[in-house]
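Participant: My questions are about this predicted structure, shown below with the sequence.
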Amino acid sequence: MLTIKEIAQRANVSRTTVSRVLNNSGYVSEKARSAVLKVIEETGYVPSQHAKSLRTKKTKVIGVILPKISTETSSRLVKGIDEVLGESGYQILLANTNLIPEKEIENLRLLRSRHVDGIILSATNTEPELMAEINQLAIPFVAVGQDMPGLPNVVFDDYQAAKDAMQALIDKGHKRIAFIGVSESDPAVGILRKKGYLDAMAASGLPIEGSWVQTGIFDLESGRACMKEIMETSSLRPTAVLAVTDRLAIGAMQYVKESGLVIPDEIAIAGMGASELSKFITPSLSTIDFMVEEAGREAAALMLELIDNNGKQVIKRNIKHRFLQRDSI
């Protein structure tokens, strides 16, 4: 493999000049730059990333921690992140928590040991143990999806999104609206979306039967089980349901179909997340589009800003959402 010393000899310049050309730093005359670039082009020289890392103290790698790497939301987020970071010559290193909170801390430590230049976390909680670990990081950090005070954030308006979905159901004339949520250990999805539901019902003066509010987990079968509980235990059957994720909503739709009820004539269902599947099931699912790819691009752009400013800024970026009204309501 060609070395910097050999390039310098062929171009008849100093090794310092070659280094400046490769790193695009410091003054180099146009004559010297042209000579170096000519040798690089003729020889097909590719600089060693490891050697460059030793010189610059940068790996050009950003760690990205995901709650469930197999989901469409994670895929869309990574697509947006990679799109922006790739344009700046960065690579990404993915880590998966599989929705296990302890693995968020484990992966933070792992990525730090790999000397990444920064970490983007698609967070599912804001527990003190996690926050303490994040605050110990000496590299730029960006949280996506959870509002972490004092830290750079890219957040969705989960509360208003739930209210918007509820308003669409209320505008359709529904007064008995059930809710399928998730654990409140996830503040954004578990707390804020539920608060949006409750506040929308209260603002319209609508009563809530206790069995209408169910808590599940992030999968299809849980949505089906929650819907079954609502239908079998409610003294007054709801005419509509809001689920905090599309997977929960689609699971709920499955149970409704099994029960012989017609969607949306006898019960309307709305989800949140705008998954690809939501467009193709029958009936198509009305849902909130959180613009996740845009969130990924914003997180990556924010990371680059932090790297340029040595991680000293605390910035919060808010991502807009939209309600996609389809055939299920």
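Facilitator: Great, that's in hand. Residues are numbered from 1 along each chain as shown.

Participant: Kindly provide the distance from residue 114 to residue 88.
Facilitator: The span separating residue 114 from residue 88 equals 19 Å under the rule Cβ to Cβ, to the nearest Å. Heads up, the C-betas are built off the backbone N, CA and C, glycines and all.

Participant: thought residue 281 was touching residue 249?
Facilitator: No: using Cβ atoms under 8 Å as the test, residue 281 is too far from residue 249 to be in contact (9.5 Å).

Participant: Counting neighbours, go ahead and name the busier of these two.
Facilitator: residue 249 (29 against 18; other Cβ atoms under 10 Å).

Participant: SS state for the more buried one?
Facilitator: Counting by DSSP: H, G, I helix; E, B strand; the rest coil, the backbone at residue 249 sits in helix.

Participant: Nearest spatial neighbour of it, chain-adjacent residues omitted?
Facilitator: Spatial nearest neighbour of residue 249, excluding adjacent residues (Cβ to Cβ, 6 or more residues apart in numbering): residue 271 at 3.0 Å.

Participant: Sheet-wise, list the partners of the strand or helix carrying that neighbour with their directions.
Facilitator: Counting by DSSP states H and E, the element that carries residue 271 is strand 268-272. Taking DSSP bridges as the criterion, strand 268-272 sits next to strand 240-243 (parallel), strand 286-289 (parallel) in its sheet.

Participant: So what's the gap between the last one and the chain middle?
Facilitator: Think strand 286-289. In terms of Cα atoms, centre = their mean, to the nearest Å, the centre of strand 286-289 is set 16 Å apart from its chain centre.

Participant: buried ones in the very next helix or strand once past that strand?
Facilitator: On the C-terminal side of strand 286-289, the closest following helix or strand by DSSP H and E is helix 292-308. When neighbours are counted by 16 or more other Cβ atoms under 10 Å, the buried residues of helix 292-308 are found to be 292-304, 306-307.

Participant: Just the closest of the residues you listed to residue 325, please.
Facilitator: When the buried residues of helix 292-308 are compared for distance to residue 325 (Cβ to Cβ), residue 292 wins out at 19.3 Å.

Participant: I figured the closest one was touching residue 80, is that so?
Facilitator: Yes: contact between residue 292 and residue 80 holds when scored by Cβ under 8 Å: they sit 7.1 Å apart.

Participant: Just name the shakiest helix or strand of the protein by mean pLDDT.
Facilitator: Ranking every helix and strand in the chain by mean pLDDT, DSSP states H and E puts helix 49-56 at the bottom, with a mean of 51.

Participant: ok and whichever helix or strand comes after that one relative to helix 292-308, angle-wise?
Facilitator: As assigned by DSSP H and E, the chain's next helix or strand after helix 49-56 is strand 61-66. Our comparison of strand 61-66 with helix 292-308, counting by axes from the mean of the first three to the mean of the last three Cα atoms, to 10 degrees, yields an angle of 140 degrees.

Participant: neighbours around residue 329, how many?
Facilitator: Neighbours of residue 329 under the rule other Cβ under 10 Å: 24.

Participant: Quick check, it in contact with residue 240.
Facilitator: Yes: distance between residue 329 and residue 240: 7.0 Å, which falls inside the contact criterion (Cβ under 8 Å).

Participant: Where do the strands of this protein begin and end?
Facilitator: Ranges of strands within the chain are 61-66, 91-96, 118-122, 141-144, 153-156, 177-182, 213-216, 240-243, 268-272, 286-289, 316-319, 322-324, based on DSSP state E.

Participant: want to try JSON lines for those strands, with mean pLDDT as columns?
Facilitator: JSON lines is the format used below for those (pLDDT from 0 to 100):
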{"stretch": "strand 61-66", "mean pLDDT": "97"}
{"stretch": "strand 91-96", "mean pLDDT": "96"}
{"stretch": "strand 118-122", "mean pLDDT": "97"}
{"stretch": "strand 141-144", "mean pLDDT": "97"}
{"stretch": "strand 153-156", "mean pLDDT": "96"}
{"stretch": "strand 177-182", "mean pLDDT": "98"}
{"stretch": "strand 213-216", "mean pLDDT": "98"}
{"stretch": "strand 240-243", "mean pLDDT": "98"}
{"stretch": "strand 268-272", "mean pLDDT": "98"}
{"stretch": "strand 286-289", "mean pLDDT": "98"}
{"stretch": "strand 316-319", "mean pLDDT": "95"}
{"stretch": "strand 322-324", "mean pLDDT": "98"}
